[in-house]
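Student: Sequence first, predicted coordinates after that:
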Amino acid sequence: MQLSIVGSGYVGTTIAACFAEVGHDVVNVDIDEDIVAALNDGDAPIHEPGLDELVAEHAGDRLRATTDYAAIRDTDVTFLALPTPSEDDGHIDLSIMKAGARSLGATLAEKDGHHLVVTKSTVVPTTTEAVIAPILTEESGKTLGEDLDIGMNPEFLREGSAVEDFLAPDKVVLGSETERAGDLLRGVFDPLVARAGDPPVVETGVAEAEMIKYANNGFLAAKISLANDIANICKEYDIDSAEVLDAIGLDHRIGSSFLGAGVGWGGSCFPKDVAAIIAAARDVGYDPAMLQAAVEVNDRQPVRLLGRLREHVDPDGARVAVLGLAFKPGTDDIRNSRAIPLVDALLDAGAEVVGYDPVATENFRERYPGIEYADSADAALDGADAALVVTDWPEFADLGSEFDGMATPVVVDGRRIVTRRDGIVYESLV
Ligand code: UGA
């Protein structure tokens with residue numbers, strides 16, 4: 001099929017390359033000329049394992065990029081994969097989506113025949129029907145349900161395994177309101193579903209598809225927070241929380257994933273999406289107590305980590321090594337990283353901070369140019385009065401003699417990853 005993707009960010013680029021991989025002709029439309037040029041040269045504008053290879057293989061053939069929306073008129077289906085950031089009060093900011101829908105609608109005004117527009121971005125329930133569709137019909141002059149249809153196809157890929165998650169999904173969710181839109185969406189996904197060994201395909205309405213994305217992320221974020229709540233109780237009783245959580249994970253009704261207790265969840269999705277669905281729920285008169293509690297537990301974990309540190313070292317004037325700046329291992333993304341509230345609190349308390357991360361240092365430096373950065377965990381630990389472990393990078397599990405260089409070997413582990421050894425004062429958050 002002929003597909004167009006509006007937006008070549010993290011999701012847009014990944015799905016464009018993957019749709020090309022399963023046999024579709026894909027054109028990626030973006031206003032950024034550098035990204036468009038890179039894609040056409042066969043270079044992925046973001047780093048994701050396996051993406052470089054797919055872009056290099058399909059660019060110039062089944063995958064191309066352009067800044068010109070007119071290319072959309074030669075396609076049957078358009079996916080809107082534009083950012084949906086947060087406003088200060090947690091509400092979703094739809095300004096970029098609306099602008100994209102306006103340009104798309106104006107382009108479709110000059111297309112004869114039917115077109116399907118699918119929301120790929122995470123948007124709160126009813127956005128596609130109540131906000132996007134009216135812009136499209138107004139700009140294009142087309143009639144919804146006749147020569148224009150809308151759809152919603154939420155994305156569940158994770159940073160660091162985006163290509164694999166897209167090509168081998170647990171499920172595919174296709175939201176549509178008409179038979180024609182449903183048939184078209186199914187046609188887009190048929191080759192992927194066949195290649196992935198027939199994962200469940202959930203065919204549903206557009207608003208249901210929008211809500212499934214928030215329910216998915218909200219549930220996972222709340223699951224981690226509940227694990228953290230339980231682990232915090234364990235800590236107070238001096239019970240090994242890992243043994244408890246591993247045991248409950250064996251119950252198939254609970255499951256073992258996303259029970260990793262520690263300093264909490266961050267990233268570009270969980271914090272934004274949980275805040276957005278809480279704000280949206282309140283707008284329609286419902287106060288989501290569980291999701292609110294998930295946020296509160298998450299906000300408290302870095303505070304608790306600092307509390308553990310204070311039991312051994314006064315941060316005022318202390319040199320504190322922060323090990324891990326990325327929001328999770330395997331990425332250089334620092335958005336909503338737990339390292340951010342921790343570094344803020346350490347600086348407020350008068351600590352001298354030295355940060356280390358295998359790949360995220362430059363991104364962190366942009367936000368915190370005033371702190372010191374080390375090239376290795378060893379160098380960060382050298383002369384430090386304490387170390388805080390914030391991200392569960394596998395290399396931190398191998399640290400051993402590196403702790404010998406600390407001025408006072410106090411290690412406060414926010415991810416339960418450091419191997420305990422003689423000669424260090426080891427304190428885990430949970
Ligand atoms: C998350 C979801 O997992 C994806 O399914 C979804 O598509 C994506 O958001 C999105 O909405 O775009 P991602 O943000 O890449 O993906 O990261 P995760 O691997 O889910 O981790 C999120 C946070 O939870 C990280 O800070 C991680 O350290 C933390 N986490 C994860 C824990 O604290 N404990 C765990 O057991 C698992």
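Tutor: Thanks, I have the structure now.
Student: pretty sure residue 168 contacts residue 196?
Tutor: Yes. In this structure residue 168 lies within contact range of residue 196 using CB atoms under 8 Å: 5.1 Å. Every C-beta, even on glycine, is put in place using the N, C-alpha and C of the backbone.
Student: Settle it for me: which of those two has more neighbours?
Tutor: More neighbours surround residue 196 than the other of residue 168 and residue 196, with 16 against 13 (other CB atoms under 10 Å).
Student: In contact with residue 165, which residues?
Tutor: By CB atoms under 8 Å, 6 or more residues apart in numbering, residue 165 lies in contact with 156-158.
Student: residue contacts, residue 38?
Tutor: So residue 38 contacts 44-45 (CB under 8 Å, 6+ apart).
Student: ok, 7 Å please
Tutor: Contact analysis of residue 38 by CB atoms under 7 Å, 6 or more residues apart in numbering lists residue 45.
Student: How about residue 217?
Tutor: Residue 217 neighbours (CB under 7 Å, 6+ apart): 269-270, 273-274.
Student: okay if I get those residues as JSON lines plus distance to the ligand?
Tutor: Formatted as JSON lines, the contacts of residue 217 follow (distance: CB to the nearest ligand atom, whole Å):
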{"residue": "269", "distance to the ligand": "3"}
{"residue": "270", "distance to the ligand": "5"}
{"residue": "273", "distance to the ligand": "6"}
{"residue": "274", "distance to the ligand": "10"}
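Student: JSON lines please, covering these and showing pLDDT and distance to residue 95.
Tutor: Output for the contacts of residue 217, formatted as JSON lines (pLDDT from 0 to 100; distance: CB to CB, whole Å):
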{"residue": "269", "pLDDT": "96", "distance to residue 95": "19"}
{"residue": "270", "pLDDT": "98", "distance to residue 95": "22"}
{"residue": "273", "pLDDT": "98", "distance to residue 95": "18"}
{"residue": "274", "pLDDT": "98", "distance to residue 95": "21"}
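Student: From these, pick the one nearest residue 179.
Tutor: residue 273 (30.5 Å; CB to CB).
Student: That closest one contacts residue 122, correct?
Tutor: Yes. Counting by CB atoms under 7 Å, residue 273 does reach residue 122; the two are 5.9 Å apart.
Student: who has more neighbours, the two?
Tutor: Between residue 273 and residue 122, counted using other CB under 10 Å, the more crowded position is residue 273 (25 against 22).
Student: which residue packs closest to the more buried one, ignoring adjacent ones?
Tutor: In space, and not counting its chain neighbours, residue 273 is closest to residue 217: 4.4 Å by CB to CB, 6 or more residues apart in numbering.
Student: quick one: the one you found and the ligand, what's the gap?
Tutor: From residue 217 over to the ligand the distance is 5 Å, taken as CB to the nearest ligand atom, to the nearest Å.
Student: got it, and residue 421?
Tutor: Going from residue 421 to the ligand by CB to the nearest ligand atom gives 25 Å.
Student: Would you mind naming the helix or strand containing that residue?
Tutor: Counting by DSSP states H and E, no helix or strand carries residue 421.
Student: Can you tell me the number of residues neighbouring the closest residue to it other than its chain neighbours?
Tutor: Distances taken as CB to CB, 6+ apart put residue 400 closest to residue 421, at 6.1 Å, once the chain neighbours are dropped. For residue 400, the count of nearby residues is 12 (other CB under 10 Å).
Student: Filter the contacts of residue 217 down to the ones in helices?
Tutor: 270, 273-274 (DSSP state H).
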